[in-house]
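**Student:** Fold the following.
(one chain, ligands or ions: 1)
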Amino acid sequence: MRAEEWDERYRAAELVWGARPNRWVERELADLPPGRALDLACGEGRNALWLAARGWQVSALDFSAVALDKGRTLESSQDPAAPRVAWVHGDATSYRAGQPFDLVLLCYLHLAPTDWAAALSCAVRALAPGGTLLVIGHDSTNIADGVGGPQDPAVLFTAAEVAADLAGAGAGAGAALVVDRAEAVHRHVDGADRPAIDALLRAHRG
Ligand SMILES: C[S@@+](CC[C@H](N)C(=O)[O-])C[C@H]1O[C@@H](n2cnc3c(N)ncnc32)[C@H](O)[C@@H]1O
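**Tutor:** Presented below is the predicted three-dimensional model:
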């Protein structure tokens, strides 16, 4: 989908993804000491705002200006003592971070393969030494065996595929990434007769 189509989608509903953080983000990152975080394709900022509330200095990027405005509005209704999120209107496939980040998050960004490779490469390049990369998305098996999410297999991935892509994505970007977790995880969906299947990859720069 193009940015204009995402804008339309975000205009059409109150909060498309809700205000609570994604459950895997919460599970994986609750114990990580705060630092600088980059949320690529942040949407309305549910994960960025949760990180900021935990003391992270967050840059949150999306190419939908409407989504970013909704993030700012949500932020203004939350704890004023939390660090402010830096909302960045930009393209996740070409973003060049001005500084390294201790955490880079890619959460449910589904793109055609060339664009996906570019976004993964931007994410890897933005990672500081020791920094954590968390990639979450609808798993390739979700179309046949899960529920919801994009129905085009070309934009889905498995965690194993992301792990395999990382070596190439990190070329020239410093020390190699160490994969800590690469798996399919099941997510309960209210009203559905089966869980959604997500791909989850967690890695860190050695
Ligand atoms: C399914 S939403 C996920 C939003 C958020 N990560 C979350 O989990 O709540 C996908 C987001 O990717 C954004 N997006 C898609 N392609 C993008 C691109 N090339 N650059 C930046 N954002 C993009 C869309 O605007 C949308 O907000």
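**Student:** how close does the closest residue to Q78 other than its chain neighbours get to the ligand?
**Tutor:** Nearest residue to Q78 in three dimensions, chain neighbours excluded: L49, at 6.2 Å (Cβ to Cβ, 6 or more residues apart in numbering). In this view, the C-beta of every residue, glycine as well, is placed from N, C-alpha and C. Distance of L49 to the ligand, given as Cβ to the nearest ligand atom, to the nearest Å: 10 Å.
**Student:** Check R11 too.
**Tutor:** As defined by Cβ to the nearest ligand atom, R11 lies at a distance of 12 Å from the ligand.
**Student:** Which pLDDT does the model give that residue?
**Tutor:** Among the per-residue scores, R11 holds a pLDDT of 96.
**Student:** Surely it and A67 touch.
**Tutor:** No - using Cβ atoms under 8 Å, R11 is not in contact with A67; the gap is 9.7 Å.
**Student:** Okay, and the beta partners of A182?
**Tutor:** Beta-bridge partners of A182, counted by DSSP bridges, are L201.
**Student:** tell me the contacts of it?
**Tutor:** Contacts of A182 were listed using Cβ atoms under 8 Å, 6 or more residues apart in numbering, and they are A159, A160, V162, A163, L200, L201, R202.
**Student:** Apart from its chain neighbours, what residue comes closest to L38?
**Tutor:** Spatial nearest neighbour of L38, chain neighbours left out: F101 (4.3 Å); criterion: Cβ to Cβ, 6+ apart.
**Student:** and the worst-scoring helix or strand of the chain on mean pLDDT, what does it pack onto?
**Tutor:** Evaluated with mean pLDDT, DSSP states H and E, the helix-and-strand set of the chain has its lowest mean pLDDT in helix 159-169, which scores a mean of 88. Judged by 3 or more Cβ pairs under 8 Å, 6 or more residues apart in numbering; DSSP states H and E, the packing partners of helix 159-169 are helix 113-125, strand 127-138, strand 177-187, strand 196-205.
**Student:** which residues are contacting it?
**Tutor:** Residues from elsewhere that reach helix 159-169, judged by Cβ under 8 Å, 6+ apart: 117, 120-121, 123-124, 133, 135, 139-140, 176-177, 179, 181-184, 199-201, 203.
**Student:** Give me the buried subset of those residues.
**Tutor:** Buried residues within these, defined by neighbour count using 16 or more other Cβ atoms under 10 Å: 120-121, 123-124, 133, 135, 139-140, 177, 179, 182, 184, 199-201, 203.
**Student:** related to what we said a few turns ago, could you give the number of residues near the residue nearest to Q78?
**Tutor:** Taking other Cβ atoms under 10 Å as the neighbour definition, L49 ends up with a count of 26.
**Student:** shouldn't it be in contact with V85?
**Tutor:** Yes - between L49 and V85 there is a contact under Cβ under 8 Å: 6.4 Å.
**Student:** which residues do those two both contact?
**Tutor:** For the pair L49 and V85, residues contacting each of them under the criterion Cβ under 8 Å, 6+ apart are V58, G71, E75.
**Student:** Can you tell me which of these is nearest the ligand?
**Tutor:** For the ligand, the closest of the shared contacts of L49 and V85 turns out to be G71, at 9.7 Å, with distances computed as Cβ to the nearest ligand atom.
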